[in-house]
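Visitor: fold the following.
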Amino acid sequence: MKKYISLCGMMLLCFDMMAQIDLSDKNWDTLFIEDFSVQRNWSEDCWIDECDDPNHIPFWRCYTYECWPSGVVVDARWHRQAYQPEEAVFAPDSTLRLLGVFKGPTSLLCDTGYRHAPWACTNHSCGQNPEPPHNVFYHTGMIESIEPVGFGYYEIKCKMPTHKGAGSSFWFWGNEAGLYEEIDVFEHRYGLSEGDTLRAWNSCIWYNPDGPDIGQMYSRVLYHLPVASQPVDEYHTYGLLWLPDRVAWYCDGALYNECTDPSQIPQHRMYLRITHKEDWDAFDSISNKWWSEPDEMTIKYVKAFQLETSCDTDVTVRSIPDFESFDFNVKRSISMGALTGTLSIPANASFTMRAVESIVIDGAFELPQGATMTLITQECPQNPLIQKGTHNY
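Guide: Residues are numbered from 1 along each chain as shown. Next up, the predicted model:
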């Protein structure tokens, strides 16, 4: 389908692809803002977060073996740790803390120190590899959104441990329609950081449009923080723009990686996950551990925004009342300009218009000095998501 922007006459067009998205842009609407200010605990119902506040709607579930058989990884080549709900803590200072606690060694199977061991004993393979039981040395925390999410902008503010063996991640995973889809906003650990655990991390896409296997890795980048920046054990913001035809990665507001090939971009909803691990890709075969002191990944907030869409609607803007009533949803097409007289946008106005097929200036149009506008044609980012605002805290 041909897409185009047609401009007639003198005007100012501003579109900085290197900058983080402008969340004051009227196109964007808040999906949720999680600042962890509502205190809650994990319920026994699949470890969903709950509290005494009647206005609280659970958003997170704790990643553990009760609901996800992959909650314990038994591949002895990589991991000797187990996710436990006790290690995902809603702290009094309005943060979420994913703890890493040295426990061991304890037995992976049939051990009272491991949550839901009877299930593991019944299903003795405890994963995809039917290996003999081996020791678990760490309990750690991981959470996941109860509902899958889709196209939008996502941002986390966090700090993470940097010792060898620790691993922290913010990522999306899904298998809707039987396809493997994954976007890693960041994966930080010794191996993926190529040894620079203080300042570097890995970002990429894993996507298989043909089936459930893990598929191909795309747009992988090893990003290093600027020398003048604090290391990752201090707070930074990590953002991801996920659209049908563009994925862009940000750190502290600066773009550092992007993918613009739709054939490499997941097109279905995925679950949002925050993970902390110990003993990841750095296991000491002599001492059977790398780290014996408690540590934690600390999350200050997680935010999500989505574009409003009316992708089957054609709109004409011929007058100031038309402009003032424009809802800034993504349209199929937009035509602008007065057929008689001149459409003059108010001074100092700053706005963005998006359309799937075309944006055309086909009449008299004036953009005064000091006003800015951004015109974007893109694929329709329509999402069958949970109701907007439902999970604001």
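
Visitor: where does the prediction get shaky in the stretch 201-350 of the chain?
Guide: In the prediction, the stretch 201-350 of the chain carries residues with pLDDT under 70 at positions 279-289.

Visitor: mind exporting stretch 163-177 as PDB, just the C-alpha atoms?
Guide: Output in PDB follows, covering the C-alpha atoms of stretch 163-177 (Å, rounded to 0.1, in the frame of the first residue of the first chain):
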ATOM      1  CA  HIS A 163      28.600  -8.600  40.300                       C
ATOM      2  CA  LYS A 164      29.600 -11.600  38.200                       C
ATOM      3  CA  GLY A 165      26.700 -14.000  38.100                       C
ATOM      4  CA  ALA A 166      23.800 -11.600  38.600                       C
ATOM      5  CA  GLY A 167      21.400 -11.000  35.700                       C
ATOM      6  CA  SER A 168      18.600  -8.500  35.300                       C
ATOM      7  CA  SER A 169      16.200  -8.200  32.400                       C
ATOM      8  CA  PHE A 170      13.200  -6.100  31.200                       C
ATOM      9  CA  TRP A 171      11.500  -7.900  28.300                       C
ATOM     10  CA  PHE A 172       8.400  -9.100  26.400                       C
ATOM     11  CA  TRP A 173       7.600 -12.700  25.600                       C
ATOM     12  CA  GLY A 174       4.600 -14.400  23.900                       C
ATOM     13  CA  ASN A 175       3.500 -17.300  21.800                       C
ATOM     14  CA  GLU A 176       0.100 -16.000  20.500                       C
ATOM     15  CA  ALA A 177      -1.000 -17.900  17.400                       C
END
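
Visitor: chain center to it: distance?
Guide: In this view, stretch 163-177 has its centroid 10 Å away from the chain centroid, taken as C-alpha atoms, centre = their mean, to the nearest Å.

Visitor: cool, and stretch 314-329?
Guide: Counting by C-alpha atoms, centre = their mean, stretch 314-329 comes out at 32 Å from the chain centroid.

Visitor: which stretches in the stretch 251-393 of the chain count as helices?
Guide: Shown for the stretch 251-393 of the chain, the helices assigned by DSSP state H, counting those that start in this stretch span residues 320-325.

Visitor: how is this protein divided into domains?
Guide: The chain is divided into the following domains under automatic domain parsing: 4-24+311-377, 30-307.

Visitor: wait, which of the ones you listed is closest to Asn383?
Guide: Among these, the nearest to Asn383 by C-beta to C-beta is domain 30-307 (3.9 Å). All C-beta atoms are positioned from the backbone trio N, CA, C, and that covers glycine.

Visitor: roughly how far out does that closest one sit from the chain middle?
Guide: In terms of C-alpha atoms, centre = their mean, the gap separating the centre of domain 30-307 from the centre of its chain is 11 Å.

Visitor: measure that domain end to end?
Guide: Across domain 30-307, the terminal residues are separated by 9 Å (C-alpha to C-alpha, to the nearest Å).
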